[in-house]
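**Student:** Starting from these lines, generate the structure:
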Amino acid sequence: MKTQRSLSRLAQEISAYLRQHRMARKTLEEISEWWLLGRRLDRPTSEVKDALAELKHRGLVVVSKGQDGRLRYRIAPRQIEIKGEGSK
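**Tutor:** Numbers count the residues shown, from 1 in each chain. Below is the predicted model of the structure:
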């Protein structure tokens, strides 16, 4: 069972990655399977989806629909200039 603490940590990891890769436009599946696994954050897709929803709710990520119809996540433009948690 996931906790609010682990969800927040996962959201921080996703946010840190997107801040470091400002041009990234990643789908839920790409985030879950590609770089999170590479960073040894083996999390179920449902937890990644919840973390992305938390980031969207807080205005930290922007969601857009790609030409293929899939949702893509990127760092919110205002976050590019703001140094937040984990960016040191």
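**Student:** Doesn't residue 46 belong to a helix?
**Tutor:** Yes. Counting by DSSP: H, G, I helix; E, B strand; the rest coil, residue 46 is part of a helix.
**Student:** What is the neighbour count of it?
**Tutor:** Residues within reach of residue 46, counting by other Cβ atoms under 10 Å, total 11. All C-beta atoms are positioned from the backbone trio N, CA, C, and that covers glycine.
**Student:** What's the separation between it and residue 32?
**Tutor:** Distance, residue 46 to residue 32, by Cβ to Cβ, to the nearest Å: 9 Å.
**Student:** just residue 11 next, same as before
**Tutor:** From residue 11 to residue 32 the distance is 14 Å (Cβ to Cβ).
**Student:** Just the strands from the protein, written as ranges.
**Tutor:** Applying DSSP state E to the chain gives strands spanning 61-65, 71-75.
**Student:** Give me the residues contacting the last one.
**Tutor:** The one in question is strand 71-75. Applying Cβ atoms under 8 Å, 6 or more residues apart in numbering, the contact partners of strand 71-75 are 14-15, 18-19, 22-28, 31, 52, 55-56, 60-66.
**Student:** Let me know the angle separating that strand from strand 61-65.
**Tutor:** 150 degrees (axes from the mean of the first three to the mean of the last three Cα atoms, to 10 degrees).
**Student:** in strand 71-75, what's buried?
**Tutor:** 72-75 (16 or more other Cβ atoms under 10 Å).
**Student:** cool, and stretch 45-54?
**Tutor:** Neighbour count says stretch 45-54 has 47-48, 50-52, 54 buried, by 16+ other Cβ under 10 Å.
**Student:** where are the low-confidence patches of the chain?
**Tutor:** Applying pLDDT under 70 to the chain flags residues 1-7, 34-43, 79-88.
**Student:** the longest helix in it is where?
**Tutor:** helix 4-20 (DSSP state H).
**Student:** Show me what that helix is packed up against.
**Tutor:** Secondary-structure packing of helix 4-20 (3 or more Cβ pairs under 8 Å, 6 or more residues apart in numbering; DSSP states H and E): helix 45-57, strand 61-65, strand 71-75, helix 77-81.
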